[in-house]
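Trainee: okay, here's the prediction I keep looking at, along with the sequence it came from:
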Amino acid sequence: AAPPRAPAVDTQRARGMWGLSRTLVANMVHGVTDGYEEVLELVGVGYRAAMKGSALSMQLGFSHDVDIPAPSGVTFAVPKQTEVRISGIDKQLVGETAARIRRIRPPEPYKGKGVRYQGETRNRTRLKKVGAGRLRLSVFRSNKNISVQLIDDANGVTVVSASTLESAAGVTKGSDIAAAAAIGRLIAERAKEKGVVDVVFDRGGYLYH
């Protein structure tokens, strides 16, 4: 076979676009010949998955089942209750679907409970080593509220906490930027009252919080 031709205009952008085009075409060929697959594992007591027709239904510790319809071009399979296989010919769509499912309940940093990729490992002790002697700042955010806790892991107790549900927070919307700033000031004031000046931030398995 003839060797691949280089870009006609040898610039950094041209080389980048040339390589990108080659990769996209190669991914398409692989997709229609072998296909792509991502495997997710459900780790946790009572965590399980099942099929509802072509849709995926999962129990992940919420008060309700999580039902996910299969996007066009993607197929779900549940070979066992704690394993979900996502397959299709589109590499991006398969990966995006798997990531979207994982984000529903990402693995927490201690016991690793949650939805994770097959073979995914987490350093479950890193936060405790880094935070040795310091309290752990844990933040929970929903669409309506933000709550914060300072946790003493050595003694297993919550030292102080704050929530936008409290009147002391003085906010009308519970999860916007102003609410985050207000809850940050409130938890800082309460921490100082307890003599806490240094904490370690627990992002709970999220890349960003």
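Mentor: That came in fine, so what should we check first? Only a predicted model underlies this, so the values are computations on that prediction, with no experimental measurement involved.
Trainee: and the next helix or strand past the longest helix that the chain contains?
Mentor: Among the elements of the chain assigned as helix by DSSP state H, the one spanning the most residues is helix 12-33. On the C-terminal side of helix 12-33, the closest following helix or strand by DSSP states H and E is strand 36-43.
Trainee: for the longest helix of the chain, packing partners?
Mentor: Packing partners of helix 12-33 (3 or more C-beta pairs under 8 Å, 6 or more residues apart in numbering; DSSP states H and E): helix 91-104. Quick note: C-beta positions are derived from backbone N, CA and C, even for glycine.
Trainee: still on that earlier bit, mean confidence for the longest helix of the chain?
Mentor: Confidence over helix 12-33, taken as the mean pLDDT, stands at 88.
Trainee: list the buried residues in that helix.
Mentor: For helix 12-33, the buried set under the neighbour-count rule, 16 or more other C-beta atoms under 10 Å, comprises Trp18, Gly31.
Trainee: CA atoms only for it, dumped as PDB, please.
Mentor: In PDB, the C-alpha atoms belonging to helix 12-33 read as follows (Å, rounded to 0.1, in the frame of the first residue of the first chain):
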ATOM      1  CA  GLN A  12       0.700  23.000  12.800                       C
ATOM      2  CA  ARG A  13      -3.000  23.400  12.200                       C
ATOM      3  CA  ALA A  14      -2.900  21.500   9.000                       C
ATOM      4  CA  ARG A  15      -1.000  18.600  10.600                       C
ATOM      5  CA  GLY A  16      -3.500  18.600  13.500                       C
ATOM      6  CA  MET A  17      -6.600  18.500  11.200                       C
ATOM      7  CA  TRP A  18      -4.900  15.800   9.000                       C
ATOM      8  CA  GLY A  19      -4.300  13.600  12.100                       C
ATOM      9  CA  LEU A  20      -7.800  14.300  13.400                       C
ATOM     10  CA  SER A  21      -9.400  13.300  10.000                       C
ATOM     11  CA  ARG A  22      -7.400  10.100   9.900                       C
ATOM     12  CA  THR A  23      -8.400   9.200  13.400                       C
ATOM     13  CA  LEU A  24     -12.100   9.900  12.800                       C
ATOM     14  CA  VAL A  25     -12.100   7.700   9.700                       C
ATOM     15  CA  ALA A  26     -10.200   4.900  11.500                       C
ATOM     16  CA  ASN A  27     -12.800   5.100  14.300                       C
ATOM     17  CA  MET A  28     -15.600   4.700  11.800                       C
ATOM     18  CA  VAL A  29     -14.000   1.700  10.200                       C
ATOM     19  CA  HIS A  30     -13.500   0.100  13.600                       C
ATOM     20  CA  GLY A  31     -17.000   0.900  14.600                       C
ATOM     21  CA  VAL A  32     -18.700  -0.900  11.700                       C
ATOM     22  CA  THR A  33     -16.300  -3.900  11.800                       C
END
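Trainee: next, the angle helix 91-104 makes with that helix.
Mentor: Between the direction of helix 12-33 and that of helix 91-104, the angle (axes from the mean of the first three to the mean of the last three C-alpha atoms, to 10 degrees) works out to 80 degrees.
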